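Q: I'd like to go over a predicted model; first the sequence, then the structure.
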Amino acid sequence: MAAQREWFEKDYYAVLGVAAGVSDKELSKAYKQLAKRYHPDANPGDAAAEERFKEISAAYDVLGDTAKRAEYDEVRRMVASGVGPGGAGGFGPGGFGPGGFGPGPGPGGARFEGDLGGLFGNLFGGGRRGRRPAGPQPGEDLETDLHLSFDAAVHGITAPVRFRSDATCSTCSGSGAAPGTQPEICAECRGAGAVAVDQGPFSFSEVCGRCGGRGQVIPTPCPSCRGRGVEVRSREVKVRVPAGVTDGQRIRVKGRGGAGANGGPSGDLYVVVRVAPDAVFGRSGRNLTVRLPVSMVEATLGASVRVPTLGDPVTVRIPAGTPAGKVLRVRGRGVPAEGKKAAGDLLVTVEVQIPTDLTDEQRAAFDALAGVLDDDPRAALFAANEGRTEGAA
């Protein structure tokens with residue numbers, strides 16, 4: 001392809017806020033974050049945000065394409081060395097025109113001799129060759145929320161997700177042309193999507209003003225999408241949610257995002273799961289948690305008590321002398337197993353209930369118990385603190 005003049009003027013890496021040697025993965029991540037932030041749909045009526053979005057998209061259109069990025073990097077290296085339009089060694093006086101590449105300083109100075117068009121032909125698409133036709137462009141990735149009950153998140157479910165987005169036009173099937181007609185090759189650029197502009201011994205390509213870079217014109221636009229090939233409509237996508245999904249987890253549905261342009265593939269749909277809290281159970285990874293009230297007598301003497309689960313209740317043995325806050329584990333009664341993942345456990349936290357409204361008979365029983373319990377529960381506490389008080393004295 002031929003280099004664009006603005007490649008000399010704009011640092012696309014700076015536009016996306018990344019370093020020149022950034023990996024493709026990190027580059028894509030940076031672009032998606034910025035595109036989401038400045039997308040016109042998220043900033044209605046904000047002209048500055050719209051311009052920023054266009055700038056971000058233009059930068060990623062070049063850097064996101066391996067071949068374009070390599071050529072762009074070569075252009076930027078030339079810029080750094082003083083070669084470029086209007087700069088030192090540029091196309092004006094003292095550059096590649098008269099006076100440029102003349103004899104070097106001092107006797108025996110080197111002089112460049114040869115075909116400048118041949119030297120830079122591959123980079124700038126020498127002569128009047130335009131860039132290759134505008135290829136298919138992938139659609140945008142989309143994101144939407146899916147609200148689930150606690151049980152649905154634990155067991156897994158296939159649920160419909162409804163949202164509005166760009167989709168391939170149902171009238172013209174994405175061609176942009178009215179039914180019964182077809183797009184035509186642009187007469188200005190002959191399908192290249194760009195026209196060459198001479199700059200002395202070089203030519204730079206610019207987006208064709210007649211077709212906007214598509215390489216095609218649509219004499220009779222589709223009445224539904226007005227030639228865009230996409231339309232905004234309500235959509236429904238069924239999403240398989242695996243057992244044990246957690247609140248905030250993102251599920252990728254490949255190819256169900258925004259419609260692509262010029263026959264390009266659709267983007268992906270990312271579904272963010274929102275799980276409602278449960279009145280009984282909590283979650284800790286693949287384990288379920290529950291707080292179990294027990295009486296003072298049960299905690300002191302021990303007892304077998306029933307514990308609720310997501311299925312049938314189970315019986316748990318409370319050992320004698322169980323303190324408040326003790327956690328008992330019931331194997332395999334947490335999040336169900338799926339694939340290679342093992343089923344989680346049920347973690348039961350003991351909560352010892354202290355009676356607050358005693359009858360006369362109950363109070364008499366506690367008084368009798370206090371009379372036979374002669375252990376001081378605070379003896380160890382004061383024994384541990386005794387050395388501190390002696391030292392202070």
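A: Thanks, I have the structure now. Residues are numbered from 1 along each chain as shown.
Q: the helices in the stretch 151-300 of the chain, which residues?
A: Along the stretch 151-300 of the chain, the stretches classed as helices by DSSP state H, counting those that start in this stretch are 296-301.
Q: meant to ask about the stretch 1-150 of the chain
A: Assigned by DSSP H, counting those that start in this stretch, the helices in the stretch 1-150 of the chain fall at 6-9, 12-16, 24-38, 47-63, 66-80, 116-124, 150-155.
Q: Could you export the ones you listed as a markdown table, including mean neighbour count and distance to R210?
A: (Glycine included, C-beta is placed from N, CA and C.) Below are these laid out as a markdown table (neighbours: other CB atoms under 10 Å; distance: least, CB to CB, whole Å):
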| stretch | mean neighbour count | distance to R210 |
| --- | --- | --- |
| helix 6-9 | 16 | 20 |
| helix 12-16 | 20 | 26 |
| helix 24-38 | 16 | 28 |
| helix 47-63 | 17 | 19 |
| helix 66-80 | 15 | 23 |
| helix 116-124 | 15 | 22 |
| helix 150-155 | 19 | 54 |
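Q: which one of the ones you listed lies closest to R233?
A: helix 24-38 (21.2 Å; CB to CB).
Q: Run through who's touching that closest one.
A: With contacts defined as CB atoms under 8 Å, 6 or more residues apart in numbering, helix 24-38 is touched by 16-18, 22, 42, 49-50, 52-53, 56-57, 59-60, 63-64, 66, 140-141, 143.
Q: run the last query once more with 10 Å
A: Outside helix 24-38, the residues that touch it by CB atoms under 10 Å, 6 or more residues apart in numbering are 12-13, 15-19, 22-23, 42-43, 46, 48-57, 59-61, 63-64, 66, 69, 140-143, 270.
Q: got the helices of the stretch 1-150 of the chain as TSV, with mean pLDDT and distance to Q362 columns?
A: Output for these, formatted as TSV (pLDDT from 0 to 100; distance: least, CB to CB, whole Å):
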stretch	mean pLDDT	distance to Q362
helix 6-9	77	87
helix 12-16	91	73
helix 24-38	89	63
helix 47-63	87	70
helix 66-80	83	81
helix 116-124	42	94
helix 150-155	93	38
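Q: Nearest to I218 among those helices would be which one?
A: Distance to I218, taken as CB to CB, is lowest for helix 47-63 among the helices of the stretch 1-150 of the chain, at 21.6 Å.
Q: now for the closest one, which elements pack on it?
A: When contacts are defined as 3 or more CB pairs under 10 Å, 6 or more residues apart in numbering; DSSP states H and E, helix 47-63 sits against helix 6-9, helix 12-16, helix 24-38, helix 66-80.
Q: what about the stretch 251-393 of the chain, any weak spots by pLDDT?
A: 261-263, 389-393 (pLDDT under 70).
Q: Could you pull out the strands in it for me?
A: Assigned by DSSP state E, counting those that start in this stretch, the stretch 251-393 of the chain shows strands spanning 269-275, 282-284, 287-295, 303-307, 314-318, 327-330, 346-353.
Q: Verify the stated contact: P223 with G176.
A: No. Applying CB atoms under 10 Å as the test, P223 and G176 come out as separate, 11.2 Å apart.
Q: These two: who's more crowded?
A: The neighbour comparison of P223 against G176 (other CB atoms under 10 Å) goes to G176, with 25 against 11.
Q: Is it possible to get TSV of the strands of the stretch 251-393 of the chain that adds mean neighbour count and distance to A384?
A: Below are the strands of the stretch 251-393 of the chain laid out as TSV (neighbours: other CB under 10 Å; distance: least, CB to CB, whole Å):
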stretch	mean neighbour count	distance to A384
strand 269-275	18	44
strand 282-284	15	33
strand 287-295	16	29
strand 303-307	14	32
strand 314-318	15	29
strand 327-330	14	26
strand 346-353	18	24
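Q: got JSON lines for those, with distance to K32 too?
A: JSON lines is the format used below for the strands of the stretch 251-393 of the chain (distance: least, CB to CB, whole Å):
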{"stretch": "strand 269-275", "distance to K32": "10"}
{"stretch": "strand 282-284", "distance to K32": "29"}
{"stretch": "strand 287-295", "distance to K32": "34"}
{"stretch": "strand 303-307", "distance to K32": "46"}
{"stretch": "strand 314-318", "distance to K32": "46"}
{"stretch": "strand 327-330", "distance to K32": "42"}
{"stretch": "strand 346-353", "distance to K32": "38"}
